[in-house]
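J.: Prediction below, plus the sequence it came from.
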There are 2 protein chains.
Amino acid sequence: MPPDAIPARGLAAFSPTAPLGRWDFARRPVGPRDVRVAIDYCGICHSDVHTVRGEWGPISYPLVPGHEIVGRVAEVGSAVSRWQVGDRVGVGCMVASCRQCGPCAQGLEQYCDAGFTDTYNGKDLVSGGVTQGGYSDTIVVDDHFVLRVPEGLDAAAAAPLLCAGITTWSPLTHWGTGPGKRVGVVGIGGLGHMAVKLASALGAEVVAITRSAAKAAEARRLGAHDAVVATETGALKPHRSSLDLIIDTVGTGHDLEPLVGLLRMHGTLCLVGGAPEPHSAVRAFSVIGKRRSIAGSLIGGIAETQAMLDFCGARGITSDVELIGVDGVNAAYERVVHADVRYRFVIDLATLDGGR
Amino acid sequence: MPPDAIPARGLAAFSPTAPLGRWDFARRPVGPRDVRVAIDYCGICHSDVHTVRGEWGPISYPLVPGHEIVGRVAEVGSAVSRWQVGDRVGVGCMVASCRQCGPCAQGLEQYCDAGFTDTYNGKDLVSGGVTQGGYSDTIVVDDHFVLRVPEGLDAAAAAPLLCAGITTWSPLTHWGTGPGKRVGVVGIGGLGHMAVKLASALGAEVVAITRSAAKAAEARRLGAHDAVVATETGALKPHRSSLDLIIDTVGTGHDLEPLVGLLRMHGTLCLVGGAPEPHSAVRAFSVIGKRRSIAGSLIGGIAETQAMLDFCGARGITSDVELIGVDGVNAAYERVVHADVRYRFVIDLATLDGGR
C-alpha cells in the first residue's frame, strides 16, 4: 500500500458461493482531480448479485460490490473546486471513461468507445488495480463522476437513484416521455418501480405490467394509471398497439412477442434488464408492421444523471427502500434473487464496526 | 359482372402448388376518384411467391399477384384532375387505406390503423371482392395510390422501384442516411441491390454483406464501398461497432447477433425481409451496450414513394432486371426461390395473348 493510500473497510465477496464478509483494503490516494466520499448509504442492485456470483463472467476476488452510493464529500483534490467538504454527493455505476471519444463528448460516458470503468470490478485507470464499490466506508473517485444529491431528499432513499433511477430515466427521456405519451413498465421491482414513478412524474400515462396481482395494486399507488397482470388471459389485449415506449426491466430471458404487440407505430420496447440468457426469438412481421423497435439502454450519462437527481429533488422523488445493516446483506441477496423486496435494499454503512 | 365492369386478362394462381395460368376476370368500374392503368410491366417480388403458395397464410384462389406495376393512364374518373391519358404511372403494394387515422394523416398509409388494402389478396373497399394484382393487362386504382413514374426511366427497370425500391428507401431515409453515415446491406437480392444503389446515391458509405463471393463483387459494381462475405471467418470483424444502420433484406430466419455487433452507438438493424420463421433469440446485452435497436420497416408511404421515384428519375436509378414474358413466370418463380436472379424479374405484359 502506498504511504498515502486511504485505508477502507468494506463488505466483500470472496468466492462465487461464499457469503459476503468484512474486508479491509486500500483506496488510491486522493489525486488532484479526485474527490473522497465518506459513504453513508449504498443500495443493493441485482447486478451486484449477478457479478459477485460470477453469473456475468469470472471475476477476481475479494470484490466489494455496490454502485448506488450516497455520502458526503470528505476530501477534495487540489484541482477540484466545485465541492466543499460535507456536500451531499453520490456515485453511480461509473468512475471513469476516456472523456475523449464521440460518446464521451456527448455526455454519454456509459457508451464510451474505450469502455467506461465500472465502480466495482473495473480496472482502476490510476492505480491499475481492481475498482471496489460502495459496500464500504469511503471511496475515491474522479471529480467528473461525482454527482450532487439534493439535500432535500432522504439520503438512503436517494441512493437507488444512482442506478435504478438513471437506468430508467435515460431511456424514458431519450425516447421522449412526456404528456400525451403512453409508457409501459414491465416488472415492478427496483428498476420498474422507479420507471413508474419517473414516467408518471414526466407526465406520461403509465401502464404497469407484472405477473403479480399484489404488485399491480402497488404499481397504481406508485403512480401507474393502469396495471395489468400479464399472466391473466386477455389482460394485455386492451393495450394492444397503444404504447409509445415500454421499459422492460425483467432480468431473465422471456418472450418479447406479447410486449412488442403493445407498441403503436414507431414504438420502442427498451430492454434494461441484464438477462444473462437470450430472450425469445424475434418475428420480423412483429416489428415490420408498425415500424417498431426492440432496443436496449445502459444506465445513463453523468449529465443526465445530474438532471435526473435535480428533477427528483424538485419533485421529492426517491426510491422505496428497506434499510438494512451490513450484517443483513447476505439475507438480502437471497431475497433479491427471489424478487422479495419493496423495492430496494439500502445498506446503512454506519453499521460497519468502528465507523469510519 | 356489372355492366360497366372492366374486362381484364391476367396470370393467376389457382392453388398453392399448381403453376400460374391464364385467367380472365373483371376489374371494378372506373369510379369518380379512380384511375385505370394499362399495365406494361410488372415485377416479380418474393412476396408474390410466398403469398400464392400460402406460406403467409391461406388465401382465396384464383389470385393474380403483382405489386410492382408500371403502365400508362388509360382512363380517369370524373373527379380526378391530375392525370392525362397516356401519363407514365406506377402502382405499388397498396391500393387503399382509411385515409383518416394518424398514420394516414402523416402520409404513412402502410401503417394505417385500419390496415391498408394490398394491391392483391386484399379486400376491395369499393367492390367488396378480392383485389387482383399486376400480372394483368389493366388495373383500376384510387387516384391517391397512383404514382408518377419519371419518363426518363426505363419503364421495365423502374417497376421494381414500386416495392424493392421503396421498401429500402423508406428505412434509409427514416433513419437519416446521408453523407457521413455508414450503412450495411445484408442480402444482395431484389431489395438488397436497390438498398446498395439508394444508400450510395444518398451519400452514405455502404458495406454489403452477403454469403456469396460473386455477389460481393457485384455489390461493389452497384455502388458498395466495401463488400464482405459473411461466411468467411473474421470477415465482419473490421466493421464491428461501425455502422449507423443495417438494412437486412434476408427473407428467412437467421442469426441477428453478428449483425447487431456491427452497429455503433444508437445504430439500428432494420428488418425488411418477411421471414415466415422467427429470427434467432435476442441477447439483452447486445442492444444495451450501445443503445442499439432492432427494428422493422414495411414498404413506404405514398408521398415518400413519389419522393423516391423523383430521386431515381433525377439520378437515373433503376433496378437491374431480367425481362420475361408471361410464359416464363413459373420458371422465374423457381429461380426466385433459389435466389437465382440478377436482381429482379419483370414481366412484359405485352406478351399476354391478344394484347389489351
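T.: Nice, I can see it.
J.: Can you tell me which helices and strands the one helix or strand residue A:185 maps to packs against?
T.: Assigned by DSSP states H and E, residue A:185 belongs to strand A:182-186. Judged by 3 or more CB pairs under 8 Å, 6 or more residues apart in numbering or on different chains; DSSP states H and E, strand A:182-186 is in contact with helix A:190-201, strand A:205-210, strand A:243-248. All C-beta spots, glycine's among them, are computed from the backbone N, C-alpha and C.
J.: What residues does the stretch 151-300 of chain A have near chain B?
T.: Taking CB under 8 Å from any CB of the partner chain as the criterion, the stretch 151-300 of chain A approaches chain B at residues A:174, A:241, A:253, A:256, A:265, A:268, A:271-275, A:278-298.
J.: Filter those down to the buried ones, PyMOL style.
T.: Those of those that count as buried under 16 or more other CB atoms under 10 Å in any protein chain shown are selected in PyMOL with:
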select buried, chain A and resi 174+253+256+265+268+271+272+273+274+275+279+281+282+283+284+286+287+288+289+290+291+292+293+294+295+296+297+298
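J.: low-scoring pLDDT stretches of chain A, where are they?
T.: Chain A contains residues with pLDDT under 70 at A:1, A:354-356.
J.: any chance you could map the helices in the stretch 251-356 of chain A?
T.: A:257-260, A:284-288, A:302-315, A:329-337 (DSSP state H, counting those that start in this stretch).
J.: For residue A:36, find the nearest of those helices.
T.: Closest to residue A:36 of the helices of the stretch 251-356 of chain A is helix A:302-315 (CB to CB; 18.3 Å).
J.: next one: that closest one to chain centre, how far?
T.: 14 Å (CA atoms, centre = their mean, to the nearest Å).
J.: Which of the residues in it are classified as buried?
T.: Applying a neighbour-count criterion of 16+ other CB under 10 Å, the buried positions in helix A:302-315 are A:302, A:304, A:305, A:306, A:307, A:308, A:309, A:311, A:312, A:313.
J.: and if you look at stretch A:341-353?
T.: A:341, A:343, A:344, A:345, A:346, A:347, A:348, A:349, A:352.
J.: Now do residue A:228 against chain B, distance only.
T.: 22 Å (CB to the nearest CB, to the nearest Å).
J.: what kind of secondary structure is residue A:82 in?
T.: coil (DSSP: H, G, I helix; E, B strand; the rest coil).
J.: wait, is residue A:17 part of a helix?
T.: No. The assignment for residue A:17 (three-state DSSP) gives coil, which keeps it out of a helix.
J.: For it, list the residues it contacts.
T.: Counting by CB atoms under 8 Å, 6 or more residues apart in numbering or on different chains, residue A:17 touches residue A:53.
J.: any idea how far residue B:130 is from it?
T.: 65 Å (CB to CB, to the nearest Å).
J.: repeat for residue A:289
T.: Counting by CB to CB, the gap from residue A:289 to residue B:130 is 21 Å.
J.: Going along the chain, name the strands of the stretch 101-250 of chain A.
T.: Secondary structure of the stretch 101-250 of chain A (DSSP state E, counting those that start in this stretch): strands at A:117-118, A:138-142, A:147-148, A:182-186, A:205-210, A:226-229, A:243-248.
J.: Turn these into TSV, columns for mean neighbour count.
T.: Formatted as TSV, the strands of the stretch 101-250 of chain A follow (neighbours: other CB atoms under 10 Å in any protein chain shown):
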stretch	mean neighbour count
strand A:117-118	20
strand A:138-142	24
strand A:147-148	18
strand A:182-186	28
strand A:205-210	26
strand A:226-229	20
strand A:243-248	27
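J.: would you turn the ones you listed into JSON lines with distance to residue A:327?
T.: Listed next are the strands of the stretch 101-250 of chain A as JSON lines, based on distance: least, CB to CB, whole Å:
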{"stretch": "strand A:117-118", "distance to residue A:327": "26"}
{"stretch": "strand A:138-142", "distance to residue A:327": "20"}
{"stretch": "strand A:147-148", "distance to residue A:327": "28"}
{"stretch": "strand A:182-186", "distance to residue A:327": "33"}
{"stretch": "strand A:205-210", "distance to residue A:327": "31"}
{"stretch": "strand A:226-229", "distance to residue A:327": "35"}
{"stretch": "strand A:243-248", "distance to residue A:327": "34"}
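J.: Let me know which of the ones you listed is the nearest to residue B:326.
T.: Nearest of the strands of the stretch 101-250 of chain A (CB to CB): strand A:243-248, 46.9 Å.
J.: how big is the angle separating the closest one from helix A:190-201?
T.: Angle, strand A:243-248 to helix A:190-201, by axes from the mean of the first three to the mean of the last three CA atoms, to 10 degrees: 150 degrees.
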